[in-house]
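Colleague: just the structure for this:
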Amino acid sequence: MRHFVRLLACLLLVHVALARAEGDPALQQQVREFALAGSRQGSSAPRVEVVVGALDARLRLAPCEQIEPFLPANARLWGRTRIGVRCARGPSRWSVFLPVTVKVYGPALVAAAALPAGRVVTAGDLVQAEVDLAEDNSAAVARDELAVGRTLARPLDRGQSLRQSHLKARQWFAAGETVRVVAQGPGFRVSGEAQALTSGVEGQEARVKTEGGRVLTGRPIGERRLEVSM
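Modeller: Predicted coordinates:
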């Protein structure tokens with residue numbers, strides 16, 4: 001994460017420097033080489049593209065000798081976000097925020113053709129492609145087994161990335177059914193049976209009651225299976 005922040009900081013400085021360096025090819029080349037060297041670090045890193053927006057045209061910032069980018073509190077370097085820029089050395093200190101779009105590319109499933117809502121997904125409906133993983137708040141679905149047999153909650157256009165929110169949640173068990181409970185914690189893992197007090201819907205917590213009368217809350221993970229973290 002720290003490397004990613006440094007990389008984005010470098011890219012942001014490139015945009016700022018290039019804006020100030022128009023007409024100076026030597027400085028432009030130096031900045032370009034610095035950005036290329038930073039972006040090539042880590043051979044296993046995903047392909048990342050950073051699009052930096054413009055400052056409010058009404059702002060009039062004082063000249064600055066040293067500009068420092070920073071990540072605002074609660075901001076994520078993912079999708080549409082913002083990065084702060086402050087003057088660390090100059091006649092007056094100032095701080096502003098720039099809109100930034102962070103695109104993180106990786107393999108995931110996309111629709112091979114337009115698919116209607118309510119369709120039960122088959123293997124032929126999906127193909128692998130490189131997508132912007134950060135384009136949507138919902139996680140991209142990367143493996144066929146996570147989608148095939150599921151029902152679409154909304155339509156998909158051809159080439160559109162399949163997201164978890166596009167699939168209807170599965171119900172793994174109903175209230176009153178006997179479920180297998182797996183409890184795990186630091187250094188241990190135990191399992192046993194319990195009776196479901198609520199239905200077990202994917203992505204939602206469910207409650208069960210053990211034979212000893214203890215009520216546990218966990219995460220449904222499969223057909224009549226509940227995972228409890230201790």
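
Colleague: ok, and the closest non-adjacent residue to the spatially most central residue of the chain?
Modeller: Central residue of the chain (CA atoms, centre = their mean): Ala134, 5.1 Å from the mean position. Excluding the flanking residues, the one nearest Ala134 by CB to CB, 6 or more residues apart in numbering is Gly79, at 4.2 Å. Every residue, glycine included, has its C-beta placed from N, CA and C.

Colleague: now do Cys87
Modeller: Per CB to CB, 6+ apart, closest to Cys87 is Cys64, 3.8 Å.

Colleague: the one you found - how many residues pack around it?
Modeller: Each residue near Cys64 was counted by other CB atoms under 10 Å, and the total is 19.

Colleague: just the buried residues of stretch 141-148, please?
Modeller: 141, 144, 147 (16 or more other CB atoms under 10 Å).

Colleague: which one of these is nearest Val127?
Modeller: Set against Val127, the nearest of these by CB to CB is Asp144 (10.0 Å).

Colleague: local confidence estimate at the residue nearest to that closest one when sequence neighbours are not counted?
Modeller: Ranked by CB to CB, 6+ apart and with sequence neighbours excluded, the top spatial neighbour of Asp144 is Ala123, at 5.7 Å. As predicted, Ala123 sits at a pLDDT of 92.

Colleague: helix, strand, or coil at Gly124?
Modeller: helix (DSSP: H, G, I helix; E, B strand; the rest coil).

Colleague: what sits against it?
Modeller: Ala112 (CB atoms under 8 Å, 6 or more residues apart in numbering).

Colleague: partner residues bridging the closest residue to Glu130 other than its chain neighbours?
Modeller: Using CB to CB, 6+ apart and skipping residues adjacent in sequence, the residue nearest Glu130 is Tyr105, 5.3 Å away. Going by DSSP bridges, Tyr105 is paired in beta bridges with Arg47, Asp132.

Colleague: wait, what's in contact with Tyr105?
Modeller: 46-49, 130-133.

Colleague: for Trp78, see how far away it is.
Modeller: Tyr105 sits 13 Å away from Trp78, going by CB to CB, to the nearest Å.

Colleague: repeat for Glu130
Modeller: Glu130 is 17 Å from Trp78, by CB to CB.

Colleague: excluding chain neighbours, what is closest to Glu177?
Modeller: Using CB to CB, 6+ apart and skipping residues adjacent in sequence, the residue nearest Glu177 is Ala196, 5.1 Å away.

Colleague: count of neighbours near that neighbour?
Modeller: 22.

Colleague: now do it against Arg219, distance only.
Modeller: Taking CB to CB, one finds Ala196 at 13 Å from Arg219.

Colleague: wait, the residue nearest to the centre of the chain touches Gly106, no?
Modeller: No. At 9.6 Å, Ala134 does not count as touching Gly106 under the criterion of CB atoms under 8 Å.

Colleague: which residue ranges of this structure form helices?
Modeller: Assigned by DSSP state H, the chain shows helices spanning 2-20, 25-39.

Colleague: weakest of these in terms of mean pLDDT?
Modeller: When I compare the helices of the chain, helix 25-39 is least confident, with a mean of 34.

Colleague: any idea how far Gly90 lies from Ile83?
Modeller: Distance, Gly90 to Ile83, by CB to CB: 19 Å.
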